[in-house]
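>>> Everything below, folded, please.
(one chain, ligands or ions: 1)
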Amino acid sequence: MKTALGRIVRCAFLTWALSAGTSTVLAQKGVHVEHAWARATPPGATMGAVYFVITAHGGHSDRLIGVSSPVAAKAEFHTNVMEGGMMKMRQIESVEVSGDAPVGFEPGRNHVMLTGLKGPLTEGDQFQMTLTLEKLGAIETQVTVRAIGTTTMEHQMDHSKHQME
Ligand SMILES: [Cu+2]
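Purely as a prediction, here's the structure:
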């Protein structure tokens with residue numbers, strides 16, 4: 001897995017990013033969060049999406065119940081559902097994480113939706129995201145921003161549609 005080492009960190013969370021190191025893999029309390037990334041946003045965008053993979057190890061069983069980030073006013077878990085031939089997004093309240101099975105928040109499936117972005121997400125930047133688990137509590141994750149083109153077509157359409165509302 002590639003790390004963000006060597007990238008230039010330009011975002012407002014520079015201090016936090018440096019103090020925490022630049023690895024995108026965090027092992028906290030038996031739960032691993034990996035490959036946390038967000039798609040870069042075009043100028044003026046108020047919404048963004050974050051993806052990651054979370055795994056509970058060693059027989060630990062838990063439930064993701066919350067997410068937040070200082071880069072956005074609000075963050076929610078979303079899933080994509082097909083409805084009448086259209087891909088739509090639905091909020092999901094919680095997600096089970098257990099049994100050493102990785103749970104993927106990946107393009108075209110689940111994602112974290114950021115709304116009320118305080119600034120554009122620029123490729124190469126990193127920012128902090130807090131995931132809350134029912135039993136373990138809050139775990140801090142570092143998200144790397146990747147190019148706008150890093151996406152699946154249906155998801156990109158979802159979000160461009162939202163931005164026109
Ligand atoms: Cu969404």
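
>>> got the phi/psi numbers for the residue lying closest to residue 146 once chain neighbours are set aside?
Nearest residue to residue 146 in three dimensions, chain neighbours excluded: residue 37, at 5.1 Å (Cβ to Cβ, 6 or more residues apart in numbering). Any C-beta I mention is one placed from the backbone N, CA and C, and that applies to glycine too. Per-residue torsions, residue 37: phi -150, psi 160 (degrees, to the nearest 10).

>>> Wait, a strand at residue 130?
Yes - the assignment for residue 130 is a strand, going by DSSP: H, G, I helix; E, B strand; the rest coil.

>>> Now do the contacts for it.
The neighbours of residue 130, taking Cβ atoms under 8 Å, 6 or more residues apart in numbering as the test, are 66-69, 138-141.

>>> again, but for residue 134
Counting by Cβ under 8 Å, 6+ apart, residue 134 has contacts 62-65, 94.

>>> Can you list the buried residues in the biggest strand by length in the chain?
Using DSSP state E to define each element, the chain has its longest strand at strand 72-83. Taking 16 or more other Cβ atoms under 10 Å as the basis for neighbour counts, the residues of strand 72-83 that come out buried are 72, 75-78, 80.

>>> Which strands or helices does the helix or strand that it is followed by pack on?
Next along the chain after strand 72-83, taking DSSP states H and E as the criterion, comes strand 86-92. With contacts taken as 3 or more Cβ pairs under 8 Å, 6 or more residues apart in numbering; DSSP states H and E, strand 86-92 sits against strand 72-83, helix 153-163.
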